[in-house]
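# kindly return the folded structure for what I paste below:
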Amino acid sequence: MAQQNIKLQQFFAAPRVVVFRHFADHDNFGRLWWPARCKVLRRGETEEPGGIGSVREMRIGTIRFQETITAFDPPQRIEYRVTSGGPFKNHVGQMEFSEVPGGTQLDYQIEFDSRWPLVGNFVAGVLHTAWLRGVAVAVDRMAARSNT
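Just a heads-up that it's a prediction; the model follows:
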């Protein structure tokens, strides 16, 4: 089965630390992937609750899977892996936060293999559509935070 590789980018008119904290918060991350529901199963091993070793459960309808944070380098990088459940295997998400003129650039890459034929393309399409919906809300929230 072919590996799916999704590359997403977004500019935020907000400082890198604000954008990083937004995505490091599991609740915000769950809201980004509408209609996913996110539940924190274990806090991180560091002072940051969403840091290395933290585990969140994502639910989309009857599908459940767990994501474990495997790299956490504030305010530059977050990486996670699906460690249980879901219609995919070898799933890795990497978020890189860069300072750019006027704000922050987020480069987000998701790679996974599907457990079942033809499901990978469908899941990739759903993730991309959900990103477009959810990131618009995140952009507005962070712009409002930086103006206060």
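# can you give me the helices in the chain?
16-24, 26-32, 119-146 (DSSP state H).
# for stretch 104-112, which outside residues touch it?
The contact list for stretch 104-112 (C-beta atoms under 8 Å, 6 or more residues apart in numbering) reads 3-12, 14-16, 18-20, 23, 82, 88-99, 120, 123, 127, 131. Bear in mind the C-beta positions are built from the backbone N, C-alpha and C, glycine included.
# residue closest to the middle of this structure?
Phe29 (5.6 Å; C-alpha atoms, centre = their mean).
# for that residue, what are its contacts?
23, 38, 50, 56.
# try it again at 10 Å.
By C-beta atoms under 10 Å, 6 or more residues apart in numbering, Phe29 lies in contact with 22-23, 36, 38, 50, 56, 58, 67, 78, 80, 93, 95, 134, 138.
# which stretches in the chain count as strands?
3-12, 37-42, 55-60, 63-73, 77-85, 88-100, 103-114 (DSSP state E).
# looking at the ones you listed, spot the one closest to Met142.
strand 3-12 (5.1 Å; C-beta to C-beta).
# so what secondary structure elements neighbour the closest one?
The contact analysis (3 or more C-beta pairs under 10 Å, 6 or more residues apart in numbering; DSSP states H and E) places strand 3-12 against helix 16-24, strand 88-100, strand 103-114, helix 119-146.
# for the ones you listed, which has the smallest mean pLDDT value?
Set side by side, those give their lowest mean pLDDT on helix 119-146, at a mean of 78.
# what comes up buried for it?
120, 123-124, 127, 130-131, 134-135, 138-139, 141-142 (16 or more other C-beta atoms under 10 Å).
# looking at these, which is nearest Pro74?
After measuring the buried residues of helix 119-146 against Pro74 - C-beta to C-beta - the closest member comes out as Met142, at 15.9 Å.
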